[in-house]
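1. Give me the fold of what follows.
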Amino acid sequence: MKDILNYNEVAIKEGFNVQKGMNYRPQGRKYSILLMSVRENSPYNDGFDEKGEKLIYEGEDISRRETDDPKNFDQPLFTKTGKLTNNGAFFKSAEDFKYKRKEKPEVVRVYEKIDNNVWSDKGWFKLIDVEFNYSQDEGRKVFKFILIPEGSEIKMTKEELEEFEFSRRIPTAVKRIVWERDGGKCVKCGSKENLHFDHIIPWAKGGSSLDPANIQILCGKHNLQKSDKIQ
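-> Here you go, the predicted model:
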């Protein structure tokens with residue numbers, strides 16, 4: 001499974017130009033889409049918790065069409081006309097699951113920005129909870145959507161699925177270091193097509209997701225060759 005994409009590949013994969021950070025069931029889909037970034041100067045505070053088990057995604061600010069400084073206002077639940085904002089749609093879905101108004105949580109696909117026009121497909125998540133509290137750091141109320149990873153819907157072997165599960169939890173800071181170090185290409189052949197973040201020593205065999213020295217970029221061909229050798 002390819003997990004490093006440019007923006008056009010994300011758009012082709014989803015069938016439309018995904019421009020907003022929060023996309024609740026766009027174009028009638030049965031799943032939602034979130035775009036996230038934890039780069040320096042990113043407008044939102046997204047990322048995994050300390051244990052790497054839950055993804056915390058911050059809601060979106062009031063539109064700049066309404067104010068020149070959105071950070072001075074609480075993140076909105078409703079629009080000026082009384083409709084649910086993107087925050088509101090995700091909030092309602094999380095609350096409905098939390099209070100058992102619906103049986104299953106919202107399924108969400110997450111893409112993470114690594115560099116300019118470089119995205120990582122973090123795979124599928126379940127939206128299980130939400131908080132809307134005052135943030136001392138920001139001086140306002142913000143949404144914190146809480147998601148947990150779920151198994152990929154794509155058919156994989158047990159080893160491939162396990163590797164993907166922990167590949168998508170590689171911290172963004174580590175991915176950026178590896179991307180720059182490896183020059184955005186396969187370390188084996190120099191290809192810039194069908195790229196993956198790969199554990200040199202697999203996680204299942206004790207390899208770390210936190211050490212850039214244990215992460216490399218491989219193309220699909222060499223990633224597959226490595227998997228065959230390990231098995």
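
2. So which helix or strand of the protein has the lowest pLDDT on average?
-> Least confident helix or strand, the chain: helix 158-167 with a mean of 56, by mean pLDDT, DSSP states H and E.

3. Just give me the longest helix of the protein.
-> The longest helix of the chain (DSSP state H) is helix 86-98.

4. mean confidence for that helix?
-> Across helix 86-98, the average pLDDT comes to 97.

5. what's that helix in contact with?
-> Contacts to helix 86-98, defined as C-beta atoms under 8 Å, 6 or more residues apart in numbering, come from residues 20, 22-25, 32, 59-60, 75-78, 84, 101-102, 104-106, 127-130, 132, 143, 145-146. All C-beta spots, glycine's among them, are computed from the backbone N, C-alpha and C.

6. If we use 6 Å, what do you get?
-> Residues outside helix 86-98 that contact it (C-beta atoms under 6 Å, 6 or more residues apart in numbering): 22, 24, 59-60, 75, 77, 102, 105-106, 127, 129-130, 143, 145.

7. And for stretch 18-37?
-> 10, 46, 57, 60, 86, 89-90, 106-113.

8. Let me know the pLDDT of the residue of the chain most remote from its centre.
-> When distances to the mean C-alpha position of the chain are computed (C-alpha atoms, centre = their mean), the maximum falls on T81, with 30.5 Å. pLDDT recorded at T81 is 92.

9. count of residues packed around L77?
-> 16 (other C-beta atoms under 10 Å).

10. if I look at the closest residue to it other than its chain neighbours, how far off is H196?
-> Nearest non-adjacent residue to L77, counting by C-beta to C-beta, 6 or more residues apart in numbering: G88, 4.7 Å away. Distance, G88 to H196, using C-beta to C-beta, to the nearest Å: 36 Å.

11. cool, and V38?
-> The separation that V38 has from H196, given C-beta to C-beta, amounts to 20 Å.

12. Using CSV, write out the CA atom coordinates for stretch 138-152.
-> Provided in CSV are the C-alpha atoms of stretch 138-152 (Å, rounded to 0.1, in the frame of the first residue of the first chain):
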residue,chain,number,x,y,z
GLU,A,138,-5.1,29.5,23.3
GLY,A,139,-7.3,31.5,25.6
ARG,A,140,-10.5,30.2,24.1
LYS,A,141,-12.6,27.1,23.7
VAL,A,142,-11.5,24.6,21.1
PHE,A,143,-12.7,21.2,20.0
LYS,A,144,-10.5,18.1,20.5
PHE,A,145,-11.7,15.2,18.4
ILE,A,146,-10.4,11.8,19.6
LEU,A,147,-9.8,9.0,17.2
ILE,A,148,-8.3,5.5,17.4
PRO,A,149,-6.8,3.6,14.5
GLU,A,150,-8.7,0.7,13.0
GLY,A,151,-7.6,-2.1,10.7
SER,A,152,-7.2,-1.1,7.0
